[in-house]
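[1] return atomic coordinates for the entry below.
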Amino acid sequence: MASDTEDLIEVRDSGIHGLGAFARRSVAAGTRIGVYGGRRYTSGESAERDWDNGLTYVFGFADGSLLDGSDGGNATRHLNHSCAPNCVAFEIEDEAGEPQIVIEARRRIRAGEELFIDYALDIGGDDPAAYLCRCGARNCRGTMAAA
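    Next up is the predicted model:
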């Protein structure tokens, strides 16, 4: 049986970057698109890992641990960045008290529309220009870094 994520998301070429996630059907505002899947690393494990900064599928949790969608992830890892996203990602706790990243529709999304979140990257002291945005939104800030 397909998961809700598979029912809602189709992965295909994106005009923004690489592969993208697209709505298979119309989605109402507030609808859960899916739970971001992947391998969880504790803060100590993540510090030891050699991360590929060119293409990452990583979310950070409030406790300092990371979720790597490239290792056991699902279709939600293909949501590209936009400065005017139609989805939002947020942290919740599951029934066992473990953190999860949930993707939810911010507004009504049409069938076939690409799904976006604002990456709001925490880049420390790096130059935001090193994290160029190509979303094309009217209010594009030019970077995937947090505002």
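
[2] where do the helices sit along this structure?
    Here the chain has its helices, by DSSP state H, at 4-8, 43-48.

[3] rank those helices by pLDDT, which is bottom?
    Least confident of the helices of the chain, judged by mean pLDDT, is helix 43-48 with a mean of 67.

[4] could you check how far residue 109 is from residue 102?
    Distance, residue 109 to residue 102, using C-beta to C-beta, to the nearest Å: 16 Å. C-beta here means a position set from N, CA and C on the backbone, and glycine is covered the same way.

[5] of these two, who's got more company?
    residue 109 (23 against 16; other C-beta atoms under 10 Å).

[6] tell me the contacts of that one?
    In this structure, residue 109 makes contact with 23, 26, 27, 86, 87, 115, judged by C-beta atoms under 8 Å, 6 or more residues apart in numbering.

[7] of the residues you listed, closest to residue 64?
    Set against residue 64, the nearest of these by C-beta to C-beta is residue 87 (24.5 Å).

[8] residues contacting the spatially closest residue to residue 126 that is not a sequence neighbour?
    Leaving out its chain neighbours, the residue that sits closest to residue 126 by C-beta to C-beta, 6 or more residues apart in numbering is residue 145, at 7.7 Å. Neighbour list for residue 145: 120, 121, 122, 123, 126, 128, 131 [criterion: C-beta under 8 Å, 6+ apart].

[9] of all the residues you listed, which comes closest to residue 40?
    For these, the nearest to residue 40 is residue 122 (18.1 Å; C-beta to C-beta).

[10] and the pLDDT for the residue lying closest to that closest one once chain neighbours are set aside?
    Distances taken as C-beta to C-beta, 6+ apart put residue 146 closest to residue 122, at 6.0 Å, once the chain neighbours are dropped. The model reports residue 146 with a pLDDT of 89.

[11] ends of stretch 15-30, what's the gap?
    Stretch 15-30 has an end-to-end distance of 25 Å (criterion: C-alpha to C-alpha, to the nearest Å).
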